[in-house]
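Engineer: this is a predicted model, with the sequence first.
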Amino acid sequence: MASQCRLEDFLQQTMNMWDRIAFRRFGDILLFGVTSIELAILLLLTPTFTIADWIYVLQHVIVLAIALMRSAPKALDRSAPASAAVIVAYTYAYAQVIYLGWIPGEPAWLQVGWSW
């Protein structure tokens, strides 16, 4: 009887884990998708990795794990300011790279950055 109870508990925990992974919220799917695309582009565009590149790759792997494994939120904020903050957070880094590639300029410190 006790072993059957433990088996049922184990199966229930397994089902809960699979439910958390299989039925994700939109935000988790968006986070996973954006991070996966960015990681794929990084892997395609970078012929060799330095230690800084590996740190960046590890950051993406951690974000992918968080997107898959985090629990459901206790509260949701679907207001316009919260949505605007998410949009800015997703697009700011890309907009900055596009802007810096678009305007003319000279690198201030060649050993740290790169020139276009």
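Structural biologist: Sure thing, it's come through. Numbering: from 1, shown residues only.

Engineer: in stretch 76-96, what's buried?
Structural biologist: Of all the residues in stretch 76-96, not one is buried under the rule 16 or more other CB atoms under 10 Å. Quick note: C-beta positions are derived from backbone N, CA and C, even for glycine.

Engineer: remind me, longest helix of this protein?
Structural biologist: helix 80-102 (DSSP state H).

Engineer: so which elements touch that one?
Structural biologist: The helices and strands touching helix 80-102, judged by 3 or more CB pairs under 8 Å, 6 or more residues apart in numbering; DSSP states H and E, number zero.

Engineer: okay, and the helix or strand of the chain with the least pLDDT?
Structural biologist: Across the helices and strands of the chain, the lowest-confidence element by mean pLDDT, DSSP states H and E is helix 2-22, at a mean of 62.

Engineer: sorry, back to before: give me the distance from the longest helix of the chain to the chain's centre.
Structural biologist: Its chain's C-alpha centre and that of helix 80-102 lie 15 Å apart, by CA atoms, centre = their mean, to the nearest Å.

Engineer: now do stretch 32-45
Structural biologist: Its chain's C-alpha centre lies 10 Å from the corresponding centre of stretch 32-45 when counted by CA atoms, centre = their mean.

Engineer: please consider this matter closed, and thank you.
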